[in-house]
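Q: Give me a model of this one.
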Amino acid sequence: MVRMMIEKHKRYPYAARKRQIQGQVVVRFVIGDDGTVTNLVLAGSSHHRLLDEAALAAVRDASPFPRPPAHLFDSPVPLEICIVFELM
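A: Alright, predicted model coming up:
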């Protein structure tokens, strides 16, 4: 569900699309007990600033996420996700 929410908020930067820039960005963040995102960092760069910034923005824009189920998680949930920017 987290990935789907991020993908829904992912925006391929116009300048990157125009220049045919593609790449993968790895982001790391923590979902708190209330669903808010903290500690959002770039864990793996695409080597293109436009894509890196778009990936971080997608996570920020998708927040807050649904609360993690208390019966499965007794603390904030750390995640690392790869966000792919690919022209078709």
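
Q: Kindly export stretch 42-52 (C-alpha atoms) in PDB.
A: Output of stretch 42-52 as PDB, limited to C-alpha atoms (Å, rounded to 0.1, in the frame of the first residue of the first chain):
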ATOM      1  CA  LEU A  42      18.300   9.600  -0.300                       C
ATOM      2  CA  ALA A  43      19.900   6.100   0.100                       C
ATOM      3  CA  GLY A  44      20.800   5.600  -3.500                       C
ATOM      4  CA  SER A  45      21.100   8.400  -6.100                       C
ATOM      5  CA  SER A  46      20.000   8.100  -9.700                       C
ATOM      6  CA  HIS A  47      22.900  10.500 -10.500                       C
ATOM      7  CA  HIS A  48      20.300  13.000 -11.800                       C
ATOM      8  CA  ARG A  49      19.300  15.700  -9.300                       C
ATOM      9  CA  LEU A  50      15.900  16.100 -11.000                       C
ATOM     10  CA  LEU A  51      15.000  12.400 -10.400                       C
ATOM     11  CA  ASP A  52      16.400  12.300  -6.900                       C
END
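
Q: Quick check: the gap between the residue sitting nearest the centre point of the chain and Gly44.
A: Residue closest to the average C-alpha location in the chain (C-alpha atoms, centre = their mean): Val59, at 3.7 Å. According to C-beta to C-beta, to the nearest Å, Val59 stands 14 Å off from Gly44. The C-beta positions use only the backbone N, C-alpha and C, and glycine is treated the same way.

Q: Pull out the buried residues from the longest helix seen in the chain.
A: Scanning the chain for the helix with the most residues, using DSSP state H, yields helix 49-62. By 16 or more other C-beta atoms under 10 Å, the buried positions in helix 49-62 come out as Leu50, Leu51, Asp52, Ala54, Ala55, Leu56, Ala58, Val59, Ala62.
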